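> Show me how the following folds:
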Amino acid sequence: MTISGSLSNALSGLTAAARAAEVASSNVANALTDGYGRREVSLSARSLAGTGSGVRVDGVTRVVDQHIITDRQLADAQYEQTQARLEFLTSLEASIGLPEEPNSLNARIAALDGRLVEAASRPDSEPRLQGVLQATQDLASHINNVSGDIQNLRLAADRNIAKDVNALNDTLTRIADLNYEVRAQRSAGRDASSLMDQRQQLVDQISAIIPMRTVPRGGEQIALISSGGAILIDGKPAEIGFTPVGTIVPEMTLASGALSGLTINGVPVSTKAETGPIAGGRLAGNFEVRDVLAVDGQERIDAVARDLIERFQDPAVDPTLGIGDAGIFTDNGSAFAAVNEIGIAARLTINAQIDPDNGGAVWRLRDGIGAPSQGEIGDASGLENLIAALSDKRSPASGGFMGAARSFSGLGSDVLSLVGIERQNTEADKSYTLSKRDTLKELELQTGVDTDQELQQLLMIENAYAANARVIQTVDDMIKTLLGL
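Numbers count the residues shown, from 1 in each chain. Coordinates of the predicted model:
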């Protein structure tokens, strides 16, 4: 081999070693960076006229396990959907209140029962009748508040949907731009790995919103297709449409058209949590909260309000009432009518006839809502009828409860129990999805940058660099010797 050939070989070796050292150090520095793909330097032998002339750097390859990444992204989406459900159920359970809490629904019912018993033992005592009035107001107010909390949670879900849709549209546009830039860099023969890392980070950000799969396209571009089959980006990004509202009341539903659904490129799509184009992610979870879980919760609390009104508007309980007259609890001052059940929990009020602040009198709790004047102040039969009405076992006419007859306190317990069971099941689902997500994340890290291996590689690169540098030094000494002859 000639001196010039040796020098050329050594110089190409130095160049390759320097590039390899740069790549290895980048791998070590970004070992814990989300979206970073491990780099490898591709080398090949260089020849000139059939004679070896060193080494050539063909490029830098980005190495990732796309299957594990996709599985982890799907697990992220499942976790976020479960988290949306759990947050709603936890909030609803807190709104209803646990039995041992002094301001819970069950505690309010027990307080009314206790006040009625106290008043029945001294029907002539106005303070005890005032206590009954206060207990009825507290119970009605609590049911009102639960209904209000449900609608606030629906509104929060609606706003979360709008936020996620905006994030989707912005991020899909950025991914499309990065697709173009990656192709341009590759076409120019330059390394586009950093752009691909940025693109991976963006995909990770939105994969929790809608579960999706990454499909490779030519020129290192990617297409994104949701697990439900919706094309989110394939060349051009899809346009996701949604219109938020400023307020939500029980009567507003997706089916009625009062609430917005979702469109992809102007085409309406299903928003069901388990099926459809967006199934399985945070977006579907928030739609489920707004249109299913909260609606079911409202139906149950409406059924509780209905049952309460019907118990006390029965003429058999209060003989002073006629058919169609309102009892102690009213639908905004009126008797219950089945056609108006939706949202009745929000309209539950106390009959003005028993409220001194509204021109009524508390003695009507004892003598009857429709009594024209006070009766015998020692007669507790009316109060005893109210106690019996509260404990009478009835089968709920609505709300999706099982048909078994139960007292009003039993109905209140069932409402809390149903929410508690759903919350516990969702917590179990969350634990499973969290474990699955963490396991896949660990696998992703294991298939990513191995810092021990990279440091060993750096030592080998250092040795190669030193060897090539030694060759150059030797060539230099030889040339100096020859020139000195």
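> what helix or strand does the residue nearest to the spatial centre of the chain sit in?
Closest to where the C-alpha atoms of the chain average out (C-alpha atoms, centre = their mean) is Ala84, at 2.9 Å. According to DSSP states H and E, Ala84 maps onto helix 66-96.
> how about low-confidence regions in the chain?
1, 47-53 (pLDDT under 70).
> how about the strands in the protein?
For the chain, the strands defined by DSSP state E cover 38-48, 51-63, 212-216, 222-226, 231-234, 236-237, 240-241, 262-264, 267-269, 329-331, 348-350.
> what's Ser391 in contact with, if anything?
By C-beta atoms under 8 Å, 6 or more residues apart in numbering, the contact list for Ser391 reads Asp113, Ser407, Phe408, Ser409. Placement of C-beta: from N, CA and C, glycine included.
> what sits against the residue nearest to the centre of the chain?
Contacts of Ala84 by C-beta under 8 Å, 6+ apart are Ala157, Asn160, Arg282, Gly285, Asn286, Glu288, Val289.
> residue contacts, the nearest residue to it once chain neighbours are set aside?
Nearest residue to Ala84 in three dimensions, chain neighbours excluded: Gly285, at 3.1 Å (C-beta to C-beta, 6 or more residues apart in numbering). The neighbours of Gly285, taking C-beta under 8 Å, 6+ apart as the test, are Glu80, Gln81, Thr82, Gln83, Ala84, Arg85, Ala273.
> and if you look at Ile472?
Leu7, Ala10, Leu11, Leu14.
> let's see 6 Å
The contact partners of Ile472, taken as C-beta atoms under 6 Å, 6 or more residues apart in numbering, are Ala10.
> can you count the residues close to the closest residue to Gly360 other than its chain neighbours?
Nearest residue to Gly360 in three dimensions, chain neighbours excluded: Gln353, at 4.4 Å (C-beta to C-beta, 6+ apart). Using other C-beta atoms under 10 Å, Gln353 has 21 neighbouring residues.
> and if you look at Asn103?
Counted with other C-beta under 10 Å, the burial measure for Asn103 works out to 11 neighbours.
> Over to Ser373?
Around Ser373 there are 7 residues (other C-beta under 10 Å).
> In CSV: the contacts of Ser391, plus neighbour count and distance to Ile68.
Supplementary listing: those in CSV, determined by neighbours: other C-beta atoms under 10 Å; distance: C-beta to C-beta, whole Å:
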residue, neighbour count, distance to Ile68
Asp113, 18, 59
Ser407, 17, 55
Phe408, 22, 54
Ser409, 18, 53
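> For the residue nearest to Val165 when sequence neighbours are not counted, list the residues it contacts.
In space, and not counting its chain neighbours, Val165 is closest to Phe242: 4.3 Å by C-beta to C-beta, 6+ apart. The contact partners of Phe242, by C-beta under 6 Å, 6+ apart, come to Ile161, Ala162, Val165, Ser260, Leu262.
> For Phe242, grab phi and psi.
Phi and psi for Phe242, reported as degrees, to the nearest 10, are phi -160, psi 140.
> do you know how far it is from Val28?
Distance, Phe242 to Val28, by C-beta to C-beta, to the nearest Å: 43 Å.
> With Gly189 instead?
Between Gly189 and Val28 the distance, using C-beta to C-beta, works out to 26 Å.
> These two: which has the busier surroundings?
Neighbour count, other C-beta under 10 Å: between Gly189 and Val28, Val28 has more, with 16 against 7.
> For the residue nearest to that one when sequence neighbours are not counted, give me its contacts.
Distances taken as C-beta to C-beta, 6+ apart place Glu454 nearest to Val28, at 4.9 Å, with adjacent residues excluded. Contacts of Glu454 were listed using C-beta under 6 Å, 6+ apart, and they are Ala24, Asn27, Val28.
> 8 Å - rerun?
Ala24, Asn27, Val28, Ala31.
> same deal with Gly297?
With contact set as C-beta under 8 Å, 6+ apart, Gly297 has these partners: Leu92, Ile150, Val419.
> Between those residues, identify the one with the most neighbours.
Among the contacts of Gly297, the one with the most neighbours (other C-beta under 10 Å) is Ile150, at 28 neighbours.
> pretty sure that one is in contact with Leu92, am I right?
Yes. Counting by C-beta atoms under 8 Å, Ile150 touches Leu92, with 6.7 Å between them.
> do you know how far Tyr147 is from Thr349?
Quick fix: residue 147 reads Ser, not Tyr. Applying C-beta to C-beta, the value for Ser147 to Thr349 is 12 Å.
> Looking at these two now, which is surrounded by more residues?
Higher neighbour count among Ser147 and Thr349: Ser147, with 25 against 20, using other C-beta under 10 Å.
> who touches that one in this structure?
Pro250, Gln298, Ile301, Asp302, Ala305, Gly343, Ala345, Ala346.
> let's see 10 Å
Counting by C-beta atoms under 10 Å, 6 or more residues apart in numbering, Ser147 touches 95, 249-250, 297-298, 301-302, 304-305, 343-348.
> Next: Arg85.
Arg85 is in contact with 273, 285-286, 288-289, 292-293, 422-423, 425-427, 429-430, counting by C-beta under 10 Å, 6+ apart.
> how does it look with 6 Å?
Taking C-beta under 6 Å, 6+ apart, we find Arg85 in contact with Gly285, Thr426.
> do the same with Val471
Applying C-beta under 6 Å, 6+ apart, we find Val471 in contact with Ala10.
> Distance check, the residue nearest to Gly360 against Glu376.
19 Å.
> and if you look at Asn385?
Going from Asn385 to Glu376 by C-beta to C-beta gives 15 Å.
> who has more neighbours, these two?
Asn385 (20 against 11).
> so what's the more buried one closest to, chain neighbours aside?
Closest residue in space to Asn385, ignoring its immediate chain neighbours: Val317 at 4.9 Å, by C-beta to C-beta, 6+ apart.
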